[in-house]
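1. Sequence first, predicted coordinates after that:
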Amino acid sequence: MPIMAAHDENDARGSARVLASNVRKSIENAGGPPRHVSALNNLYRLLEAYRSHRFIGFEYQPSSPRGPEALTLLPPAERHVLDLRVALDRALEQAYQGLERDAALDQVEKVLRAVAYPQKGIALEAKEKNQVSEFLRFFIDNLYAKI
């Protein structure tokens, strides 16, 4: 289970929103010393997990619980992990129209690496940074969208 949803009281969508917001700020303010390096690395890991298994195994299995569990109106954390997959799918479609998923993820990961670990003489194009920033905006917007 991804670390964001490891504790039952945490919502994977909320954690992903905070993570994506911090990364977006870092990308938009790139050029100085790298900030939020751990957020950039964690988003990179989230994207790698999405690429490799798309959170398969976290399918929400509705059931009729018995006892005190039946009183809650909240869906289990597993459902929120699947919401991440849906939000990532939609954000990739919106930001990288017509581009294959792996190629789009490669572009996002390239920008994340360049912002987290800048190298002298290698600068990102504004277009690349803007497109990743838009992808993150779409991702954040889609996290709580109706499925």
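-> Perfect, thanks for sending it.
2. tell me what the helix or strand bottoming out on mean pLDDT in the chain is packed against?
-> Ranked by mean pLDDT, DSSP states H and E, the helix or strand of the chain with the weakest confidence is helix 77-95, at a mean of 86. Contact here means 3 or more CB pairs under 8 Å, 6 or more residues apart in numbering; DSSP states H and E; on that basis helix 77-95 packs against helix 12-28, helix 37-53, helix 101-116, helix 126-143. Where you see a C-beta, it was placed from the backbone N, CA and C, and this is true even at glycine.
3. what about the closest residue to His80 other than its chain neighbours, neighbour count?
-> Excluding the flanking residues, the one nearest His80 by CB to CB, 6 or more residues apart in numbering is Ala12, at 4.1 Å. Other residues near Ala12 come to 25 when the count uses other CB atoms under 10 Å.
4. how much space between Ala12 and Gln97?
-> 26 Å (CB to CB, to the nearest Å).
5. hmm, back to that, among the helices and strands packed on helix 77-95, which comes closest to Val81?
-> The closest of the helices and strands packed on helix 77-95 to Val81 is helix 12-28. By CB to CB, the value is 5.0 Å.
6. Only C-alpha atoms, please: export the closest one in CSV.
-> Only the C-alpha atoms of helix 12-28 are listed here, as CSV (Å, rounded to 0.1, in the frame of the first residue of the first chain):
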residue,chain,number,x,y,z
ALA,A,12,-4.5,9.3,-0.2
ARG,A,13,-6.1,12.1,-2.2
GLY,A,14,-5.4,14.8,0.4
SER,A,15,-1.8,13.7,0.7
ALA,A,16,-1.4,13.6,-3.1
ARG,A,17,-2.9,17.1,-3.3
VAL,A,18,-0.4,18.5,-0.8
LEU,A,19,2.5,16.6,-2.6
ALA,A,20,1.5,17.9,-6.1
SER,A,21,1.0,21.4,-4.8
ASN,A,22,4.5,21.6,-3.3
VAL,A,23,6.0,20.1,-6.5
ARG,A,24,4.1,22.6,-8.6
LYS,A,25,5.5,25.5,-6.5
SER,A,26,9.0,24.1,-6.9
ILE,A,27,8.7,23.8,-10.7
GLU,A,28,7.2,27.3,-11.1
